[in-house]
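A.B. asks: build me a structure from this.
(chains A and B)
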There are 2 protein chains.
Amino acid sequence: MKVNHYEAVTQQSVEMEGPHGCRVRWLLGERDGTPNFAMRQFEVAPGGYTPRHSHPYEHEVFVLEGEGIVVENNQPHQLKAGDVVLVKPDEIHQFRNTGGTPLKFLCLVPNSATGKQATVAPECGTE
Amino acid sequence: MKVNHYEAVTQQSVEMEGPHGCRVRWLLGERDGTPNFAMRQFEVAPGGYTPRHSHPYEHEVFVLEGEGIVVENNQPHQLKAGDVVLVKPDEIHQFRNTGGTPLKFLCLVPNSATGKQATVAPECGTE
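C.D. replies: Numbers count the residues shown, from 1 in each chain, chains lettered A, B, ... in the order given. Presented below is the predicted three-dimensional model:
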């Protein structure tokens, strides 16, 4: 068993093309001995966003704090604390903070995602 | 993509031997098309607890609200909002609410857990 507070885990930069004001903590992952999936926690600063991208694995997301949107292709869905999002494999998606405080969410991925390349979607009229 | 608030999901009883004051919401699972793992949300009433049990799959837990303990065999670990717990396969564990408000947490399991039998641990002196 491992018990830890999420704020005790070091924040890292998001290592791919396209994010802005976005930090990640790997709360649980293969180095902890997770057999199947990893738990990460993201913080997106006001005005910030994750890359608009897709990948061949899913996200299971739980919004902890803040306000924002998740964009599905070009369709925005409002987000607030307590919202749950399933991003299916290969769906183009982006999380954006539209509020004045950090947007914090959990985002879980299968272990098979580790090291897999994500595809950054072309910015075709979304901004 | 699926977007939903966790409180919009119906609470169910916990269908196994041994829980007290414990309800569950299946936020995301195989019926939603999750390829690998399921997200559930538990609420344990003041004084309540999950079964003291083990099973051949892991839990990845994030505490949302309230106060309690997670018991690892007979060793308690304090829990508060923001705590993260990895319960490895076959570890005997129990979550108990020791506060005055509901203890709310996310608990994710692999899809392979669906329908698998858990083993309720004998109550050998823990209560």
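
A.B. asks: so is stretch A:44-63 next to chain B?
C.D. replies: Yes: legend: contact between stretch A:44-63 and chain B by C-beta under 8 Å from any C-beta of the partner chain is shown at A:57-58, A:60, A:62. C-betas here are computed from N, CA, C, even on glycine.

A.B. asks: flag every buried residue along the strand of greatest length in chain A.
C.D. replies: Looking across chain A with DSSP state E, the single longest strand is strand A:37-49. Residues of strand A:37-49 classed as buried: A:37-44, A:48-49 (neighbour count, 16 or more other C-beta atoms under 10 Å in any protein chain shown).

A.B. asks: need the residues you listed in CSV (columns: pLDDT).
C.D. replies: Output for the buried residues of strand A:37-49, formatted as CSV (pLDDT from 0 to 100):
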residue, pLDDT
A:F37, 97
A:A38, 97
A:M39, 98
A:R40, 97
A:Q41, 97
A:F42, 97
A:E43, 97
A:V44, 97
A:G48, 96
A:Y49, 95
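
A.B. asks: circling back to that earlier point, now tell me what touches the helix or strand following the longest strand of chain A from outside.
C.D. replies: Counting by DSSP states H and E, the next helix or strand C-terminal to strand A:37-49 is strand A:53-54. Applying C-beta atoms under 8 Å, 6 or more residues apart in numbering or on different chains, the contact partners of strand A:53-54 are A:16, A:18, A:90-94, A:118-121.

A.B. asks: burial measure for the nearest residue to A:S54 once chain neighbours are set aside, as a count.
C.D. replies: Among residues not flanking A:S54 along the chain, A:I92 sits closest, at 4.6 Å (C-beta to C-beta, 6 or more residues apart in numbering or on different chains). Neighbour count for A:I92, taken as other C-beta atoms under 10 Å in any protein chain shown: 19.

A.B. asks: contacting residues for the closest residue to A:V9 other than its chain neighbours?
C.D. replies: Distance criterion C-beta to C-beta, 6+ apart; nearest residue to A:V9, sequence neighbours excluded, is A:R25 at 4.2 Å. Applying C-beta under 8 Å, 6+ apart to A:R25 gives the contacts A:6, A:9-12, A:40-41.

A.B. asks: A:E72: which of these is nearest?
C.D. replies: Set against A:E72, the nearest of these by C-beta to C-beta is A:R40 (20.1 Å).
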